[in-house]
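Novice: prediction below, plus the sequence it came from.
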Amino acid sequence: MAHATGPATGGSGGVSQPDLTQAEADTSTTFTSPAGDSVQQPLPTAQNQAADAPQTAPQTAPATAAANPTLAVALSAASVTAHGFKLDSSITSATTPLDVTVAWGDGTTTAATASGTQVVSSEHTYAELGTYTVKVTVADKAAGTEVTNELKVTTEGSDYTPYGPTRLLDTRNGTGAAKAKVAPYSSAHVKIGGNGGIPAGVTAVVLNVTVTNTTSGGHITAFADGDDKPTTSNVNFAPGQTVPNLVIVPVGANGYVNLYNGGWESVDLIADVTGYFTQSASSGYTSLPPERFVDTRSGLGSAKGQLGGQNSFGVQITGKGQVPASGVTAVALNVTVTNPKEAGHLTVYPSGQQAPTASNLNFTAGQTIANSVIVPVGPDGRINIRNGAWAGLDVIVDVVGYYSPASQAAYLPFAPERLIDTRDTAVWDGPLGGRDYIYLPIAPGEPGVKGFVFNATVTNTKDSGYLAVTPDPNSMDEYDTGNAAWPIPPTSSTLNWTTGKTVPNLVQASTGSHGIIDFWNQSDGNLDLVVDVFGVYEDN
């Protein structure tokens with residue numbers, strides 16, 4: 001059994017609650033408008049009274065206005081969640097009662113009172129992402145004057161727009177880069193913003209990254225151009241392997257992302273885009289506990305029997321399970337290939353179009369391999385799955401979430417942070433045992449957090465099996481008091497491995513009702529687990 005040596009106790013696995021405060025703080029943006037931009041004027045009532053008075057003398061501001069000549073307000077707004085802000089209105093004034101009104105730019109207002117020079121703090125959550133003009137009015141009724149100031153704010157979260165799938169990079173033929181392998185300890189620079197129909201200013205992009213023609217072991221790290229390269233990894237590979245993995249990676253201010261080759265020798269890289277995120281209202285995310293939609297071995301969601309070579313089948317997504325019947329623009333899946341008769345690739349794409357050249361999974365004969373997939377949903381609510389090999393295979397599809405305009409959770413990418421590494425003996429007391437789990441209390445007591453984007457890697461595997469990632473049914477209070485029940489082991493798989501292999505996969509995990517996520521070792525042998533977090537979905 002692996003568990004942290006820190007304070008979390010009482011369960012079969014466990015880790016102390018990770019501190020993501022700094023990671024989230026690094027994504028916060030501050031907007032300011034100085035006191036010098038304030039505009040002072042007579043109160044509307046005072047103006048009306050002056051207009052109604054007999055015009056026997058030139059009109060001047062009410063004499064009482066001189067009683068508060070320094071009245072001004074400076075504004076500073078900082079994003080605190082995907083949709084929300086904290087606004088500080090710094091008032092300069094004589095010591096006198098004041099009325100403060102904040103118009104948030106979305107048709108809502110909040111009111112407060114003040115007395116003299118002070119800071120009035122307000123918080124607001126916008127229903128939709130976007131840019132809004134906030135107007136603050138401070139009224140001194142006794143003096144018959146008011147001051148106003150405005151600033152524009154843009155919500156921090158990002159909504160998703162499906163795109164493609166489209167190939168943006170292939171170093172084997174010169175697509176998107178020079179026709180040459182990526183040298184060791186160097187990066188391929190992939191243009192995202194402004195490439196094809198992808199707009200400039202995207203905040204993050206969904207790429208299926210494939211490494212191939214490998215001659216030594218290593219890893220690939222995806223990160224925004226202009227940022228420091230993180231110590232985390234996205235794709236791990238061994239000599240001779242072709243390995244894909246989905247990544248959701250921030251995009252640099254110049255519109256580029258970097259794919260760094262951490263191996264000892266050159267490799268070829270392929271990157272296919274399936275969507276992007278922007279700070280404007282589009283499709284939010286609804287995270288779901290994993291639900292199996294397709295298993296060709298049993299005939300669930302498809303004909304019973306292997307998918308033949310060069311053949312495809314359709315999968316109904318909308319109106320099934322917890323996925324609504326309409327409004328879904330894309331679906332988040334975990335797709336597994338098993339029992340393939342020969343090497344090849346699998347492509348997942350929206351119905352109503354031809355299969356693209358992009359691929360989602362690459363496999364060898366007899367291999368069981370899984371990969372996360374985010375794919376647009378066709379107009380009829382269906383997706384297609386195509387076997388690019390010449391011989392048959394079995395396909396398993398688990399749905400973990402969907403994107404729609406009605407979904408409120410927006411994505412906040414941040415610098416990757418390592419949350420679990422059972423190899424670290426300073427923190428962990430050993431590998432994760434067979435049929436055991438680690439619970440990760442990542443967002444207890446935070447109902448606005450709906451999901452996280454992880455990269456999970458298993459290594460030093462002593463037996464073949466699969467990793468399952470699900471919300472925990474217990475609360476932290478139940479763990480802390482020793483009353484947590486052993487969760488029902490899930491049957492859905494996130495990644496699959498054979499003995500001795502190192503395998504990564506992206507995980508879009510629901511936080512469930514308690515903000516705790518379980519990582520299950522569904523094999524009979526020990527393994528080491530590494531989990532990196534890349535971002536969060538929030539609806540507040």
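Specialist: Okay, I see it. Note that the structure is predicted; figures quoted are calculated from it, not measured.
Novice: which residues does Val377 contact?
Specialist: Shown in contact with Val377 (C-beta atoms under 8 Å, 6 or more residues apart in numbering): Pro162, Ile317, Thr318, Val328, Thr329, Ala330, Val331, Pro350, Ser351, Ile383, Tyr402. C-beta: built from backbone N, CA, C; applies to glycine.
Novice: Tyr537 contacts Phe452, doesn't it?
Specialist: Yes: contact criterion C-beta atoms under 8 Å: Tyr537 and Phe452 qualify, at 7.3 Å.
Novice: higher neighbour count, these two?
Specialist: More crowded of Tyr537 and Phe452, by other C-beta atoms under 10 Å: Tyr537, with 28 against 25.
Novice: check which helix or strand covers that one.
Specialist: Using DSSP states H and E, Tyr537 sits in strand 528-538.
Novice: just checking, what packs against that strand?
Specialist: When contacts are defined as 3 or more C-beta pairs under 8 Å, 6 or more residues apart in numbering; DSSP states H and E, strand 528-538 packs onto strand 243-250, strand 410-421, strand 449-459, strand 516-522.
Novice: lowest average pLDDT across those?
Specialist: Ranked by mean pLDDT, the helices and strands packed on strand 528-538 end with strand 410-421 in last place, scoring a mean of 92.
Novice: list the buried residues in it.
Specialist: Buried residues in strand 410-421, defined by neighbour count with 16 or more other C-beta atoms under 10 Å: Ala410, Tyr411, Leu412, Pro413, Phe414, Ala415, Pro416, Glu417, Leu419, Ile420, Asp421.
Novice: can I get those in CSV with distance to Trp390?
Specialist: Listed next are the buried residues of strand 410-421 as CSV, based on distance: C-beta to C-beta, whole Å:
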residue, distance to Trp390
Ala410, 43
Tyr411, 39
Leu412, 43
Pro413, 39
Phe414, 43
Ala415, 43
Pro416, 39
Glu417, 43
Leu419, 41
Ile420, 40
Asp421, 40
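Novice: and those residues, which is closest to Ala281?
Specialist: Ala410 (9.2 Å; C-beta to C-beta).
Novice: shouldn't that closest one be in contact with Tyr537?
Specialist: Yes: the pair Ala410 / Tyr537 is scored as a contact, 6.9 Å apart, by C-beta under 8 Å.
Novice: anything in contact with each of these two?
Specialist: With C-beta under 8 Å, 6+ apart, Ala410 and Tyr537 have common neighbours Ala82, Tyr285.
Novice: I'd like to know which helix or strand in this structure has the lowest mean pLDDT.
Specialist: Least confident helix or strand, the chain: helix 44-52 with a mean of 56, by mean pLDDT, DSSP states H and E.
Novice: thinking Tyr349 is in contact with Arg382, fair?
Specialist: No: taking contacts as C-beta under 8 Å, Tyr349 lies outside contact range of Arg382: 10.6 Å.
Novice: so these two - more neighbours on which side?
Specialist: Shown here are Tyr349 and Arg382; by other C-beta under 10 Å, Tyr349 has more neighbours (23 against 15).
Novice: tell me the contacts of the more buried one?
Specialist: Listed by C-beta under 8 Å, 6+ apart, the contact set of Tyr349 reads Pro165, Ala355, Pro356, Ala358, Val375, Pro376, Ile383, Asn384, Arg386.
Novice: what about 7 Å?
Specialist: By C-beta atoms under 7 Å, 6 or more residues apart in numbering, Tyr349 lies in contact with Pro165, Ala355, Pro356, Val375, Ile383, Asn384.
Novice: what does Leu527 give?
Specialist: Leu527 touches Pro431, Leu432, Val458, Asn460, Thr461, Lys462, Asn521, counting by C-beta under 7 Å, 6+ apart.
Novice: on the strand side of things, show who it bridges to.
Specialist: Leu432 (DSSP bridges).
Novice: that older thread, between the contacts of Val377, which is closest to Ser93?
Specialist: When these are compared for distance to Ser93 (C-beta to C-beta), Thr329 wins out at 49.3 Å.
Novice: and the gap between the closest residue to that closest one other than its chain neighbours and Ser407?
Specialist: Excluding the flanking residues, the one nearest Thr329 by C-beta to C-beta, 6 or more residues apart in numbering is Ser283, at 4.6 Å. To Ser407, Ser283 is 7 Å away according to C-beta to C-beta, to the nearest Å.
Novice: where in the chain is pLDDT low?
Specialist: Along the chain, segments meeting pLDDT under 70 span 1-25, 45-66.
Novice: just the helices in it please.
Specialist: All helices of the chain, identified by DSSP state H, fall at 21-26, 44-52, 476-480.
Novice: my read: Gly515 touches Leu440, true?
Specialist: No: assessed by C-beta atoms under 7 Å, Gly515 is found out of contact with Leu440, at 9.4 Å.
Novice: what about these two, which has more around it?
Specialist: Higher neighbour count among Gly515 and Leu440: Leu440, with 29 against 22, using other C-beta under 10 Å.
Novice: what residues are up against that one?
Specialist: When contacts are counted by C-beta under 7 Å, 6+ apart, Leu440 touches Val15, Leu419, Ile420, Ile516, Ile517, Phe519.
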